[in-house]
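>>> what would the 3D arrangement of this be:
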Amino acid sequence: MERKELKSKVPHGYGDVIAKRAGVTKQAVSEFLNGKNNSVAIELATLEVLAELSEKKNNLIARIN
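I've put the predicted structure just below:
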């Protein structure tokens, strides 16, 4: 997944969640998502958070169907 696409999928306010998971600052996450630095830890944390949010969404949808 391209970084621009990652950035578009991260909900507002989740920079803190990603930063804590990756063990970095919120600023480092912002710089990563804006293409100013590279970090495997931030990339993996971002993908994990997005996967968890997707799973939660799917579970909630399944509950109402």
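>>> contacts only, for residue 41.
Each residue near residue 41 by C-beta atoms under 8 Å, 6 or more residues apart in numbering is listed here: 22, 23, 24. Heads up, the C-betas are built off the backbone N, CA and C, glycines and all.
>>> and those residues, which of them are buried?
By neighbour count, with 16 or more other C-beta atoms under 10 Å, the contacts of residue 41 hold 22, 24 as buried.
>>> in helices, which of the contacts of residue 41 fall?
Per DSSP state H, helices hold the following members of the contacts of residue 41: residue 22.
>>> any chance of the contacts of residue 41 in CSV, plus distance to residue 45?
Formatted as CSV, these follow (distance: C-beta to C-beta, whole Å):
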residue, distance to residue 45
22, 4
23, 8
24, 8
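>>> give me the secondary structure label for the residue nearest the centre of the chain.
Residue closest to the mean C-alpha point of the chain, counted by C-alpha atoms, centre = their mean, is residue 46 at 3.0 Å. Assigned by DSSP: H, G, I helix; E, B strand; the rest coil, the conformation of residue 46 is helix.
>>> list the contacts for it?
Listed by C-beta under 8 Å, 6+ apart, the contact partners of residue 46 are 6, 10, 18, 22, 29, 32, 33.
>>> how distant is whichever strand or helix holds residue 41 from the center of its chain?
Element membership of residue 41, judged by DSSP states H and E, is helix 40-64. On the basis of C-alpha atoms, centre = their mean, to the nearest Å, helix 40-64 sits 9 Å off its chain's mean C-alpha point.
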